[in-house]
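**Student:** show me the folded form of this:
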Amino acid sequence: MKLRVKIAVVTGAARTPRGRIGEPAGIAAIAAFLASDDSISMPGRTLYADGGRLPLNHTVPAAA
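**Tutor:** As a prediction, this is how the structure comes out:
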C-alpha cells in the first residue's frame, strides 16, 4: 500500500467512533439484511455504512 493511501486510511479511521474503516463484508451484511424478511419494518430508510461518522460531520474537525 502506498504511503499516502496508508495515511488516508489511518486518518479516516481515526475520525470514526469505531476507529476503523469499513470492510466489504460490512456492505454485504447490510445488503443481505435489506434483502431479508427482517428488514420488512424499515420502509424508506437509509443505512450509512460509515462507522458512525455521519453524526460527527459537523462536530469533529478534519485532520490537516
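
**Student:** tell me the confidence at the residue located most distally from the centre of the chain?
**Tutor:** For the chain, the largest distance from the centre (Cα atoms, centre = their mean) belongs to Asp37, which lies 23.4 Å off. If you check Asp37, the pLDDT there is 92.

**Student:** same question for Ala62.
**Tutor:** Ala62 is given a pLDDT of 59.

**Student:** output the lowest mean pLDDT helix or strand found in this structure.
**Tutor:** helix 3-14 (a mean of 78; mean pLDDT, DSSP states H and E).

**Student:** quick one: buried residues of it?
**Tutor:** By neighbour count with 16 or more other Cβ atoms under 10 Å, helix 3-14 contains the buried residues Gly12. All C-beta atoms are positioned from the backbone trio N, CA, C, and that covers glycine.

**Student:** stretch 13-30 too?
**Tutor:** Residues Arg15, Thr16, Ile21, Gly22 are the ones in stretch 13-30 that count as buried (16+ other Cβ under 10 Å).

**Student:** average pLDDT across stretch 47-55?
**Tutor:** 74.

**Student:** who touches it?
**Tutor:** Here stretch 47-55 makes contact (Cβ atoms under 8 Å, 6 or more residues apart in numbering) with 13, 15-22, 26-27, 30, 34.

**Student:** and for stretch 38-45?
**Tutor:** Residues outside stretch 38-45 that contact it (Cβ under 8 Å, 6+ apart) are Phe33, Leu34.

**Student:** can we see that at 10 Å?
**Tutor:** Ile30, Ala32, Phe33, Leu34, Leu47 (Cβ atoms under 10 Å, 6 or more residues apart in numbering).

**Student:** and those residues, which two are furthest apart?
**Tutor:** Ala32 and Leu47 (12.1 Å; Cβ to Cβ).

**Student:** fine, thanks again, bye for now.
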